[in-house]
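S.K.: What would the 3D arrangement of this be:
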Amino acid sequence: MESTWAQLLVGVLAIVGVFLAFVLGVGLLVWSPLSRPAPAPAPARRRRGARLRSLLHHLWLRARAEVRRWHTPAAVSVLLRQAVAHPARMVVLGFAAAVVVGSMALSLPFATAGGHRADLVTAVFTATSAVCVTGLVIEDTATYWSGFGEGVILALIQIGGFGIMTLASLLGLLVARRLRMRLQLGTQAETKSIGVGDVRRVVLNVLRISVGVEVAVAAILTWRFADGYGRAPGHALYLGVFHAVSAFNNAGFGLYADSLMGFVADPMICLPLCAAVVIGGIGFPVLSELRRELRTPRRWSIHTKITLGMTGLLLTAGWLAIGVAEWSNAATLGRLGLVDKLHASFVASVMTRTAGFNNLDMSQLRDITLLVHDALMFIGGGSAGTAGGIKVTTFALLGFVILAEIRGEPSVHALGRRLPAGVQRQALTVALLSVGVIATSTLALLALTPFSLDRVLFETISAFATVGLSTGITAHVGTAGQVILILLMFIGRLGPITATAALALRERTRRYELPEERPIVG
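M.R.: Next up is the predicted model:
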């Protein structure tokens, strides 16, 4: 079955429609209709709008009544209410729902190119990788899945990149006309919005930025595929749209078996993808602030300054480290010319920011290059963006804490501001929990597979940080190993977000302090 636009659109519409229906059903079961006082007599010019609102409210009540007739078991109702009562649970529920819906869609016979049903592990693995915008795959995307399957994957990538909490906020605004305070706080933790009352603006701006960047990059790629590689206009557009969406959402899914290796020396393909990766990875708060205060850097927030500074620093460091380490490696950079070496090493550095595309053969990288990749993947990108990892702000905060301790200062200062103690503890908690998850998973995979430590560690960090780069062992770690990678992708996408939100919402003031005693450190 060949990939066609019709199949792609059917796949996208199917997965989005089913997912929205699921979320709407949960909303009908959980949220009570909002009581409003009787409206005052409206002017004649507003009566039509009032009638429309009345009709929508009536339809909402009828739909909720019909759902209530299903006699939802009390245990299920209580479970749903508890899930949506806390922002972290809401995020987990949304991601789990998307994975379940995507797995069911990818299990359909016409989702594969051969017309057979994908096995359960392959369907769940691919759906999780797409929703968590990772990019690890068991089967090649272009040859194994049909156009419908590719459409499902593309829709899951967009849902995962846009953010389940953002979608939940949008549905809450459309259905309930206002958000409960806890949902608003959860949205603020996901998008790092300035104020609780700005949820609508945040959601719409995220949508505008996503669509704008994806359309721009898709246009450039479409032109290049058509003009430089002789693709038919329809197929060139197909390739451009798919890769643009995948790049902006830092997903790493591609329609070429060797990812970007065939375009290693083509800046017109690689650089637009790099731009999409960086823009999507630095996060909406930074993009929003740059749009307002681009010409006045002194007014930037500390979050924007840290994110931009660390992004530039890590991109440059990765560029130099990968270039130096692989310069003479005939299997990677050694066969290229000077300009192409600089270009290829820069693209490789960008793609470690949890993008997942590879322009070099990952199985041929030297050990030192794999270690550089491990570090860059673990750090990841910016908060409230499409990138994964522990985030550059978390890494920078730990550096500021260490610097303050070395200087013997009683408080931590950074860029002219004092950092709250609670933020420092949150950064430390997220980093140490991440290290613990990666270490445990690495030990489990070493016990279950015959692969060496460097490859297994690379795979676990790539899965946890939702990067998608692989040395080629994903399809060969066995069912148990693939289940571990599924859990790693899910935890890695949700862990830093939910942990930070939960820690921030659980902050409380002690009413008393215990006697102080200092243990020996070191």
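
S.K.: top helix in this structure by residue count?
M.R.: Ranked by residue count under DSSP state H, the longest helix found in the chain is helix 199-229.

S.K.: so what does that one touch, helix or strand wise?
M.R.: helix 147-162, helix 164-176, helix 181-191, helix 233-248, helix 267-282, helix 284-293 (3 or more CB pairs under 8 Å, 6 or more residues apart in numbering; DSSP states H and E). Where you see a C-beta, it was placed from the backbone N, CA and C, and this is true even at glycine.

S.K.: So which of these is nearest Leu315?
M.R.: Closest to Leu315 of these is helix 267-282 (CB to CB; 7.8 Å).

S.K.: so where's the chain shaky on pLDDT?
M.R.: For the chain, residues meeting the criterion pLDDT under 70 lie at 1-3, 19-53, 55-89, 163-200, 202, 497-510.

S.K.: Check it and tell me which residue is nearest its centre.
M.R.: Nearest residue to the geometric centre of the chain (CA atoms, centre = their mean): Thr386, 3.9 Å.

S.K.: any idea how far that one is from Ala118?
M.R.: 26 Å (CB to CB, to the nearest Å).

S.K.: Name the residues of the host helix or strand of Phe125 that come out as buried.
M.R.: Element membership of Phe125, judged by DSSP states H and E, is helix 120-131. Neighbour-count burial for helix 120-131, counted by 16 or more other CB atoms under 10 Å, picks out 121-131.

S.K.: and the very next helix or strand once past that helix, how far from the chain's centre?
M.R.: Next helix or strand after helix 120-131 toward the C-terminus (DSSP H and E): helix 141-144. Relative to the centre of its chain, helix 141-144 is centred 22 Å away, using CA atoms, centre = their mean, to the nearest Å.

S.K.: For helix 141-144, name the packing helices and strands.
M.R.: Here helix 141-144 is seen to pack against helix 147-162 when contacts are counted using 3+ CB pairs under 8 Å, 6+ apart.

S.K.: which strands and helices sit next to the helix it packs on?
M.R.: Here helix 147-162 touches helix 5-30, helix 87-106, helix 120-131, helix 141-144, helix 199-229, helix 233-248, going by 3+ CB pairs under 8 Å, 6+ apart.

S.K.: Give the closest residue to Leu9 in space, chain neighbours not counted.
M.R.: Of all residues not flanking Leu9 in the chain, Gly151 sits nearest, at 6.4 Å (CB to CB, 6 or more residues apart in numbering).

S.K.: How about the contacts made by that neighbour?
M.R.: Gly151 sits next to 7-15 when contact means CB atoms under 8 Å, 6 or more residues apart in numbering.

S.K.: so the closest residue in space to Leu446 that isn't next to it in sequence is in which element?
M.R.: Residue nearest to Leu446 in three dimensions, not counting chain neighbours: Val456, with 5.5 Å by CB to CB, 6+ apart. Using DSSP H and E, Val456 sits within helix 453-464.

S.K.: That helix versus helix 120-131: what angle between them?
M.R.: Calculated by axes from the mean of the first three to the mean of the last three CA atoms, to 10 degrees, helix 453-464 forms an angle of 60 degrees with helix 120-131.

S.K.: ok, and what's touching helix 453-464?
M.R.: Helix 453-464 is contacted by residues 134, 136, 367, 370-371, 373-374, 377-378, 388, 434, 437-438, 441-442, 445-446, 449, 467-471, 473-474, 477, 485, 488-489, 491-492 when judged by CB under 8 Å, 6+ apart.

S.K.: What residues does the nearest residue to Gln158 once chain neighbours are set aside make contact with?
M.R.: Nearest residue to Gln158, sequence neighbours excluded (CB to CB, 6+ apart): Val245, at 6.0 Å. Taking CB under 8 Å, 6+ apart, we find Val245 in contact with 154, 157-158, 161, 214, 218, 251.

S.K.: And Val245, how close does it get to Leu221?
M.R.: Taking CB to CB, one finds Val245 at 11 Å from Leu221.

S.K.: And Val347, by the same measure?
M.R.: 14 Å.
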